[in-house]
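> Prediction below, plus the sequence it came from.
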Amino acid sequence: MAGVKFYNVKKRDSVTVDEGKCHKVIYKKKTTKGVQERYAVRAKDNDETNLTKFINKKTFDSLKCPVGK
């Protein structure tokens, strides 16, 4: 199974988390031009650090992890 690469701020290093342990999130923000959507992948590292990586829609659609909160 492929992994998703994150940057862990606490460790100050890149970490890879399996796709099965990640979940996809869509952040919606209301602007004057309409609703802006930002796509991200979230996970927790083995030291319980929350990890977030913003990605483009094409990458978002290609990932096999579930959509979560």
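That came in fine, so what should we check first?

> In what element of secondary structure is the residue nearest to the spatial centre of the chain found?
The residue lying closest to the centre of the chain (Cα atoms, centre = their mean) is residue 41, at 1.2 Å. For residue 41, the host element (DSSP states H and E) is strand 34-44.

> Following that strand in sequence, what is the next regular element?
Sequence order places strand 50-55 as the next helix or strand after strand 34-44, per DSSP H and E.

> Need the contact partners of the next helix or strand after that following strand.
Tracing the chain past strand 50-55, the next element assigned as helix or strand by DSSP H and E is helix 57-62. For helix 57-62, the external contacting residues (Cβ atoms under 8 Å, 6 or more residues apart in numbering) are 24, 26, 39, 41. No exception for glycine: its C-beta is placed from N, CA and C like everyone else's.

> tell me the pLDDT at residue 1?
Looking at residue 1, its pLDDT is 53.

> I should have written residue 69 there, sorry.
Looking at residue 69, the pLDDT reads 68.

> Same check on residue 60?
Residue 60 is assigned 95 on the pLDDT scale.

> Next one: it from residue 25, what distance?
9 Å (Cβ to Cβ, to the nearest Å).
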